[in-house]
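[1] Sequence and predicted model, in that order:
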Amino acid sequence: TVYILGAGCSAGQPPEGPGFPLACQFASSLAEFSQKVLVGADCAKLKSRVDRTVELLRRENVQTLDALVARLGAQARDLSNGLTSRERDQLNWQVSVAKIATAALFLHLETQAKQLGLPRYDNFLSVLFGNIVNWADASHQSKCHVLSFNYDRLFELAFISRFKPDTGHYPLYGKRLLNSGMD
């Protein structure tokens, strides 16, 4: 049996889902994160960066960090557009700010998802491996394979929580664990 995890696997709002936004929800999720979580003086600098990123996503009419980085990076590299080196540096700085804002949002959502216990992923791991919690036993007995064309941090966290792999002896990404079909 082959299971394919799609881009929306980790999408959803708690308690139904782990809580990562789909691309079309990214800017509004960042805005909500800024308004509801980044309160108080100790969050002012990060809040400012998140707010700038939301504004930039909307101004550039893009939905994701990847699209924003591609657009701003292309503008910074395009020598025919007459930008000064200072303007190019500003574009690169905006990319850095957007990456910081995105990382802060996703770390916050990851923490919330872990607190919920990742039940959808735990159920999925039970479908794949039954009640086995030893990775060596599970990998030998399962007749299932999982393909994902998107990195899925929440699947990774659930996998680590269930199997507690010895990443010192076996790297998490290699033939024996995740990405098991590739070096």
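    Great, that's in hand.
[2] Just say helix, strand or coil for A7.
    When classified by DSSP: H, G, I helix; E, B strand; the rest coil, A7 comes out as coil.
[3] Can you tell me the element the closest residue in space to it that isn't next to it in sequence falls in?
    Leaving aside its sequence neighbours, A7 sits nearest to N150 (CB to CB, 6 or more residues apart in numbering; 5.1 Å). In short, each C-beta sits where N, CA and C put it, glycine included. Assigned by DSSP states H and E, N150 falls within no helix or strand.
[4] N150 touches L5, doesn't it?
    Yes: N150 lies in contact with L5 (CB atoms under 8 Å); the separation is 7.2 Å.
[5] the more surrounded of these two?
    Per other CB atoms under 10 Å, whichever of N150 and L5 has more neighbours is L5, with 16 against 11.
[6] can you pull the contacts of that one?
    By CB atoms under 8 Å, 6 or more residues apart in numbering, L5 lies in contact with 146-148, 150, 152, 155.
[7] In helices, which of those fall?
    Among these, the residues falling in helices (DSSP state H) are F155.
[8] Which one of the contacts of L5 is nearest to A98?
    N150 (19.4 Å; CB to CB).
[9] how close does that closest one sit to G6?
    7 Å (CB to CB, to the nearest Å).
[10] Then K47?
    In this view, K47 and G6 are 32 Å apart by CB to CB.
[11] what's the longest helix in the chain?
    Longest helix in the chain, counting residues (DSSP H): helix 85-116.
[12] and the helix or strand following it, average pLDDT?
    Counting by DSSP H and E, the next helix or strand C-terminal to helix 85-116 is helix 119-129. Helix 119-129 shows a mean pLDDT of 91 in the predicted model.
[13] packing partners for helix 119-129?
    Judged by 3 or more CB pairs under 8 Å, 6 or more residues apart in numbering; DSSP states H and E, helix 119-129 is in contact with helix 135-141, helix 153-163.
[14] ok so, going back, could you identify the buried members of the contacts of L5?
    Those of these that meet the buried threshold are 146, 152, 155, by 16 or more other CB atoms under 10 Å.
[15] Quickly name whichever of those is closest to R88.
    Relative to R88, the closest of these is D152; by CB to CB it sits at 34.4 Å.
[16] Was I right to think that closest one contacts C9?
    Yes: judged on CB under 8 Å, D152 makes contact with C9 at a distance of 5.9 Å.
[17] Quick check: can you name the pairing partners of the helix or strand of the chain with the lowest mean pLDDT and their directions?
    In the chain, the helix or strand scored least confidently by mean pLDDT, DSSP states H and E is strand 145-148, which has a mean of 82. Paired neighbours of strand 145-148 in the sheet (DSSP bridges): strand 2-5 (parallel).
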